[in-house]
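Student: just need the structure, nothing else, for what follows:
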Amino acid sequence: MVFVLGIERSATTWISNILDMHPGTELFMEPLSANISGFKDWPNRFKKIQDLSDKAHYFREEFEQLKKRKRFLLTRISDTNLAWNTDMMAARKWWNISPKARDFFELNFHRIKGREYPSKSAKPIPVIKELRLNYNAELIPKISPAAKVIVILRNYAGNIRSIEHQFKQENLQELAELLRAKYGNTNPTAIFDYWASSYNTLLGALERTGTEFMVLQQEELIRSGKKSANELLSFIGLEPASAVYDYLAASNKKGTGKHSTDRDHDAILEKNRRAESELQPLLRKQIDRISWHTLLKERIIKTEG
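Tutor: Reported below is the predicted structural model:
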């Protein structure tokens, strides 16, 4: 079992899509989302879970039920792209009236653009993309002792600006409400506090529990492409696959929409630099007073310049 963890707008969907282009994986998108029919007793992301063994058992039980809804109508008997695209259209139409349709759509919502995906192997590795475990990562080895974690990092300033933009579009309302309750605001300083505490807490917990993890930066993947993709696949235990490289190259184009992973890579890098120039003076005092995890200090936070 592999977990892809990060925060909103950090490129977790893009990396998850890359992984789903491999025949040896089976991707599940955000099973803890409020849109999913399961996990109704799951606490919000900021609440510290005390009984880890009990919650790990609960996660496994609910996830086993959701796995049965990963496929819908035609996809139960066929792995062709026609079957997937037909089921996605049907599930979107019945989203409001059928929990099965809603679960299928949400667990696979990265497929709504109808890309061609490779057929899956007989025993693919489950890959779970989730944004709600950063403050309770101690749970992961309780769920699966052999689990691996991929931590996705985006430049903090670019990440903040992207979340800000989504708030203005009235998206990410679950996150907005939680930030108001915890920090009293949804402005850049509040989002930065969320960014910093999420990753500091997550990385610290993974190290304390001895969970095997790798950190993948959005900008590293953009710049090195195939090299970073191969490191990602190797970490999971997968051989290289041409469909992964093809998708990586194809996603380097202009795209719009909350869930689109098509983005001009040079434009992303430029947006990150511009956001950093704008926000670093505002956030410098926050940056300086936070006790940073070593990986964050080395890779992301720039306290000079």
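Student: list the residues that contact the nearest residue to Glu220 once chain neighbours are set aside.
Tutor: Nearest non-adjacent residue to Glu220, counting by CB to CB, 6 or more residues apart in numbering: Ser228, 5.4 Å away. C-betas here are computed from N, CA, C, even on glycine. Going by CB atoms under 8 Å, 6 or more residues apart in numbering, Ser228 touches 216, 220-221.
Student: if any of these are buried, give me the ChimeraX selection for them.
Tutor: Buried members of the contacts of Ser228, defined by 16 or more other CB atoms under 10 Å, are picked up in ChimeraX with:
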select :216,221
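Student: got the contacts of Ser228 as CSV, with secondary structure columns?
Tutor: CSV is the format used below for these (DSSP: H, G, I helix; E, B strand; the rest coil):
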residue, secondary structure
Leu216, strand
Glu220, helix
Leu221, helix
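Student: show me which of the contacts of Ser228 is closest to Lys168.
Tutor: Nearest to Lys168 out of these is Leu221 (CB to CB; 27.0 Å).
Student: now the nearest residue to that closest one once chain neighbours are set aside, what's its secondary structure?
Tutor: Closest residue to Leu221 apart from its sequence neighbours, by CB to CB, 6+ apart: Ser228 at 4.4 Å. Classification of Ser228 by three-state DSSP places it in helix.
Student: Lys271 too?
Tutor: Lys271 ends up helix, using three-state DSSP.
Student: also Pro126?
Tutor: Strictly by three-state DSSP, Pro126 counts as strand.
Student: if I look at it, how far off is Tyr245?
Tutor: When CB to CB, to the nearest Å is the yardstick, Pro126 and Tyr245 sit 23 Å from each other.
Student: with Ala91 instead?
Tutor: If you measure Ala91 against Tyr245 using CB to CB, the figure is 29 Å.
Student: neighbour count: those two, which is higher?
Tutor: Neighbour count, other CB atoms under 10 Å: between Ala91 and Tyr245, Ala91 has more, with 25 against 16.
Student: my guess is that one meets Ile97, correct?
Tutor: No - distance between Ala91 and Ile97: 10.9 Å, which falls outside the contact criterion (CB atoms under 8 Å).
Student: show me the shaky parts of the chain.
Tutor: Residues of the chain meeting the criterion pLDDT under 70: 254-262, 300-305.
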